[in-house]
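Asks: I'll drop the sequence and a predicted model, then ask my questions.
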Amino acid sequence: MTNSGSDAAKLRIPAATFFMAMPRTAPSYALYATAWLLLVPLQPAAMVAFGVLAATASLFFLVSLGWHVSLSAYLLELVLTMPFLYVLACGRTLDPAICRSSLRLVNAALAVMSVISLIGQGFPFLLPYRDFLPDFYSAGYGMGGGKIVTVVGFFGLLVELFARKPGPTRGKDRRILHGLIAGVNFLAPSYILGIVAGFVAIAVYAPRKWWLFLILMAAVSAVAGYVLYRIAGLHMGATVQFEHVPKVYALLITFDAFQDHPLAMLTGFGLGQFSSEPALWVGPSAEVLSSFTPPQIPGLFPAEAHLTYMAPVLTAWGDNHWILSSSFNKPYSSLSVLLAEWGLPASAILYGLMWWRFVSSGTCGRGSLALFIFTVTLFALDLWHDSPWFGTGLLMATGALATGTEPAIRRWRKGAPHPARGVQPATPGAVGA
């Protein structure tokens, strides 16, 4: 029976890969949004976490009924955000080896599909960064797919850097190979905001490992020229008209809405109702911001809060789609969306849970702080909390980095040396308590 159960659990690895690597279409989102469930054990703690999440989100929707809101947008946003919320509320996963294998297989699949995308542009006779933009390294996801590949690649690279060391030499060789695949996925697309967030996160431990520091310096040197080229060519029309950096302007829009409706500061405007993915998909600016055809869901329409505060900003450019084509120029981020849709108290609780999960509890060992820094930085720069790829990738990373030892962050603060790696978790397959 044990072997049968183990074999059944291992079948989840290719299934999770298939769910995450499907070409992006409207129907595919049903698979993307449920891929994380393949990594979750059917345990009482997990079921309780589901109930708490559903009840809490329902309360936030009920308090927003004073507005003209879309129930379908609320449900869709809840489904898209659920994997991220689950990591914070519970985070229990199957065996760390299954999470790690799933993340490796996903990165390998994305790399193969990305190379196929490059071949469609003339590769290897024409080269990215020289003959065409590397946005086509996008795993077949289409426009904006390179962002997904970068983020999933970072999670894979982080796991190979900070997970427990393998014993045999063959395991070390596999670790290097999968680290290279994930590293290429992380660096090859031109998603500069994600690359910056990843470098900041990994650099936390770089000074303590000379070889990692050298690798980071080499990677920075390799992409620095292109980053400067992109910055020099960045369309600054949004910053000029906003008179602020777009991400700062996103916060100003949110607080302007709070000033007009003080109660919303405490309750938010409701999930999916302001500038999260569902709101953007069906808003007046959907053709500019969406890289695929939004799903046709009954009752999915732009809410009053979106039409009042976000739509005028996003449609002010007319037919000039290039101004908002860069992620840097989009006047929203996960930070601003959480504040607007969840309210100040709930947003503070979510960030507090992130601190507890990745820093105070240290359930991911030495990779905990890097995960926290990456998540917080990425949330400040772009919209990711309701991305099923981000949520599932984060769950895979936390599961693969699970440790039963004393939290590494606390040990580092005390100045004590790290114990020998390779210690199995006290509760196999569980991340957190």
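Replies: Happy to help now that I have it.
Asks: center of this protein, which residue is that?
Replies: Phe390 (2.7 Å; CA atoms, centre = their mean).
Asks: Make sure that residue is actually in contact with Phe154.
Replies: No - counting by CB atoms under 8 Å, Phe390 sits too far from Phe154 to count as a contact (10.1 Å). C-beta coordinates here come from the backbone N, C-alpha and C atoms, glycine included.
Asks: The helix or strand the residue nearest to the centre of the chain falls within packs against which elements?
Replies: Using DSSP states H and E, Phe390 falls within helix 388-400. If you count contacts as 3 or more CB pairs under 8 Å, 6 or more residues apart in numbering; DSSP states H and E, helix 388-400 packs onto helix 12-21, helix 29-32, helix 71-89, helix 96-119, helix 145-162, helix 368-381.
Asks: can I get the CA coordinates of that helix in PDB?
Replies: Only the C-alpha atoms of helix 388-400 are listed here, as PDB (Å, rounded to 0.1, in the frame of the first residue of the first chain):
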ATOM      1  CA  PRO A 388      -1.400  31.100 -10.800                       C
ATOM      2  CA  TRP A 389       2.200  30.600 -12.000                       C
ATOM      3  CA  PHE A 390       3.600  32.700  -9.200                       C
ATOM      4  CA  GLY A 391       1.500  31.000  -6.500                       C
ATOM      5  CA  THR A 392       2.200  27.500  -7.700                       C
ATOM      6  CA  GLY A 393       5.900  28.200  -8.200                       C
ATOM      7  CA  LEU A 394       6.100  29.700  -4.700                       C
ATOM      8  CA  LEU A 395       4.400  26.600  -3.300                       C
ATOM      9  CA  MET A 396       6.800  24.300  -5.100                       C
ATOM     10  CA  ALA A 397       9.700  26.300  -3.900                       C
ATOM     11  CA  THR A 398       8.600  26.300  -0.200                       C
ATOM     12  CA  GLY A 399       7.800  22.600  -0.400                       C
ATOM     13  CA  ALA A 400      11.200  21.800  -1.900                       C
END
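Asks: Check the model's average confidence along that helix for me.
Replies: On average, the pLDDT along helix 388-400 is 94.
Asks: List the buried residues in that helix.
Replies: Neighbour-count burial for helix 388-400, counted by 16 or more other CB atoms under 10 Å, picks out 388-400.
Asks: what do you get for stretch 255-265?
Replies: Buried residues in stretch 255-265 (16+ other CB under 10 Å): Ala257, Phe258, Ala264, Met265.
Asks: Any chance of these in a markdown table with distance to Gly272 as columns?
Replies: A markdown table is the format used below for those (distance: CB to CB, whole Å):
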| residue | distance to Gly272 |
| --- | --- |
| Ala257 | 15 |
| Phe258 | 18 |
| Ala264 | 15 |
| Met265 | 19 |
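Asks: Go through the residues you listed and flag which are in strands.
Replies: Residues of these located in strands (DSSP state E): none.
Asks: Format the residues you listed as JSON lines; extra columns: pLDDT and distance to Tyr191.
Replies: As requested, the buried residues of stretch 255-265 are exported to JSON lines (pLDDT from 0 to 100; distance: CB to CB, whole Å):
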{"residue": "Ala257", "pLDDT": "93", "distance to Tyr191": "29"}
{"residue": "Phe258", "pLDDT": "94", "distance to Tyr191": "31"}
{"residue": "Ala264", "pLDDT": "87", "distance to Tyr191": "32"}
{"residue": "Met265", "pLDDT": "90", "distance to Tyr191": "32"}
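Asks: Spatially, which two of those residues are the most separated?
Replies: Ala257 and Met265 (9.0 Å; CB to CB).
Asks: lowest-confidence helix or strand of the chain?
Replies: Of the helices and strands making up the chain, the lowest-confidence element is helix 408-414, at a mean of 44, by mean pLDDT, DSSP states H and E.
Asks: Surely Arg357 is in contact with Ala89?
Replies: No - the pair Arg357 / Ala89 is not scored as a contact, 9.1 Å apart, by CB under 8 Å.
Asks: Which of the residues in the host helix or strand of Gly194 are classified as buried?
Replies: In this assignment (DSSP H and E), Gly194 forms part of helix 192-202. For helix 192-202, burial by neighbour count (16+ other CB under 10 Å) applies to Ile192, Leu193, Gly194, Ile195, Ala197, Gly198, Phe199, Ala201, Ile202.
Asks: quick one on the thing from earlier: nearest to Ser101 among the buried residues of helix 388-400?
Replies: Nearest member of the buried residues of helix 388-400 to Ser101, counting by CB to CB, is Ala400, at 8.6 Å.
Asks: and the closest one, how far is that from Gly51?
Replies: 26 Å (CB to CB, to the nearest Å).
Asks: Nothing else from me, thank you.
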